[in-house]
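In: next come a sequence and a model predicted from it.
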Amino acid sequence: MVLSYLALARDAEAEIEVKRSRFLCTLRRVEDEAAARPVVERLRKEHWDARHHCSAFVLGPPPSPVERSSDDGEPAGTAGAPMLEVLRGHGLSDVVAVVTRWFGGTLLGAGGLVRAYGDAVRAALEEAGTVRRELRRELVVEVGHAEAGRVETELRSRGVAVLDATYGSVVGLRVGVAPAEEDRLHAALAELTHGAASARNVGERWVDGP
């Protein structure tokens, strides 16, 4: 079971020049394909005077992320594929990379294009940095109103993330823990409430680590 993966720490851009051709790489953090494709189209409109807008994206946690690439008119395999390889090589996901190229008048050849598109993505990744995304299991703890404040304080002091609280006939504390810490949470609740409260699983989500 995969418990973490890398994503962009921030959106970034970087430009390189090779034999008067300009290669501008734009990196954006996205959650899904529906968010990735508009990034490509926006840059195509913004940089309408460029000849190519090649792209690659990796979406979702390993081991089976969604991967796509496009050469956008460059010779097959010289743009999108090397861009995708750089993203894979850095172990990144939830990212779309677009390299916009303004032709400088000199043909670079297949090898030159592969290097240029890959180098543009590498340059932008240096600007972006990475953050580790971690799987968190979300649980709801129901406690009486009189106990809620004390239980919440104790959970926080033990490193449990209390995400929110809802108030009705009882107080529902929604907490997030790493899967490996779930047993420790149940033990802590048993201790704090003398077995009166338990936690029920309500799902999982990925969050940025510290």
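Out: Cool, the structure landed. Numbers count the residues shown, from 1 in each chain.
In: can you tell me the average pLDDT over the longest helix anywhere in the chain?
Out: Secondary structure of the chain per DSSP state H: the longest helix is helix 109-128. Mean pLDDT, computed over helix 109-128, is 97.
In: residues making contact with that helix?
Out: With C-beta atoms under 8 Å, 6 or more residues apart in numbering as the test, helix 109-128 has contacts from 8-16, 18-19, 21, 23-27, 54, 56, 74-75, 77-80, 82-83, 85-87, 90, 92, 97, 99, 108. Placement of C-beta: from N, CA and C, glycine included.
In: next structured bit after it?
Out: Downstream of helix 109-128, the next assigned helix or strand under DSSP states H and E is strand 130-143.
In: what sits against residue 130?
Out: 6, 7, 8, 9, 90, 92.
In: could you confirm residue 200 falls within a helix?
Out: No: read with DSSP: H, G, I helix; E, B strand; the rest coil, residue 200 is strand and lies in no helix.
In: could you report the distance from it to residue 174?
Out: 11 Å (C-beta to C-beta, to the nearest Å).
In: these two: which is more packed in?
Out: residue 174 (17 against 9; other C-beta atoms under 10 Å).
In: give the contact list for the more buried one.
Out: 138, 139, 140, 141, 162, 163, 164, 165, 166, 202.
In: what bridges to residue 131?
Out: residue 7 (DSSP bridges).
In: wait, I meant residue 99
Out: residue 25, residue 54.
In: circling back to that earlier point, what sits in contact with each of residue 200 and residue 174?
Out: 139, 140.
In: what's the span of stretch 63-72 from first residue to last?
Out: 27 Å (C-alpha to C-alpha, to the nearest Å).
In: repeat that for stretch 43-63.
Out: Start-to-end, stretch 43-63 (C-alpha to C-alpha) is 30 Å.
In: likewise for stretch 189-207?
Out: End-to-end distance (C-alpha to C-alpha), stretch 189-207: 23 Å.
In: avg pLDDT for it?
Out: 89.
In: mind listing residues that contact it?
Out: Under C-beta under 8 Å, 6+ apart, the answer for stretch 189-207 is 61, 133-143, 147, 150-151, 154-155, 174-176, 185-186.
In: buried ones among these?
Out: 61, 133-143, 147, 151, 154-155, 174-176, 185-186 (16 or more other C-beta atoms under 10 Å).
In: quick one, what contacts residue 83?
Out: With C-beta under 8 Å, 6+ apart, residue 83 has these contacts: 54, 55, 56, 69, 97, 99, 117, 118, 120, 121.
In: nothing else from me, thank you.
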